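Asks: When you get a sec, could you give me coordinates for this:
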Amino acid sequence: PPSGSLNLNTDGSCLNNAYAGGGVICDHSRKIILAFSLSFGIGNSAEAKAKSMLLGLFLCSERGLPISFMELDSLLIVNCFNDLWYLPWAIEYILKESKILIPSSASISHVFREGNGLADKLAEHGQSSQ
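Replies: This is a model prediction of the structure:
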């Protein structure tokens with residue numbers, strides 16, 4: 001991100017219907033400001049990715065961290081969040097809560113899995129921290 005801005009990058013993981021998530025908030029120099037990982041319980045992959053995003057936004061809001069950019073490797077979540085696709089009912093409430101927490105000036109975009117490595121590893125870690 002440009003100088004003075006923060007980037008939130010999140011990912012979700014689902015193994016045998018157990019889902020978890022993780023993410024990282026970095027500044028413009030890629031310095032880690034905050035990292036998180038959490039097991040959510042039983043669910044699916046879309047819920048894992050959506051809840052990870054919501055958790056990241058909640059942590060930013062709670063700590064007064066004004067993010068400028070949010071990146072996810074889920075095109076489904078990004079396009080639903082940007083009102084390009086219809087919301088699946090299973091994640092509708094999660095995305096609506098997320099929209100309340102994200103700053104109006106922030107953008108959300110899709111990043112390929114290769115660009116989401118740290119968030120992916122944190123989501124995997126969430127699987128082991130039941």
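
Asks: who's in contact with the residue minimising distance to the centre of the chain?
Replies: Geometric centre of the chain, nearest residue: M53, 2.6 Å, by C-alpha atoms, centre = their mean. M53 makes contact with 8, 10, 23, 70, 72, 77, 81, 94, 98, according to C-beta atoms under 8 Å, 6 or more residues apart in numbering. Any C-beta I mention is one placed from the backbone N, CA and C, and that applies to glycine too.

Asks: Give the buried residues for the lowest-mean-pLDDT helix or strand in the chain.
Replies: None of the helices or strands of the chain scores lower by mean pLDDT, DSSP states H and E than helix 117-128, at a mean of 79. Across helix 117-128, burial judged by 16 or more other C-beta atoms under 10 Å covers 118-123, 125-127.

Asks: got the buried residues for the longest helix seen in the chain?
Replies: What stands out as the longest helix in the chain, according to DSSP state H, is helix 45-63. Across helix 45-63, burial judged by 16+ other C-beta under 10 Å covers 46-57, 59-60.

Asks: count of residues packed around N44?
Replies: 15 (other C-beta atoms under 10 Å).

Asks: quick revisit: neighbouring strands for the helix or strand that comes right after the longest helix of the chain, and are they parallel or not?
Replies: Using DSSP states H and E, the helix or strand that follows helix 45-63 towards the C-terminus is strand 67-72. Note on strand 67-72: by DSSP bridges, its sheet partners are strand 6-15 (parallel), strand 107-110 (parallel).
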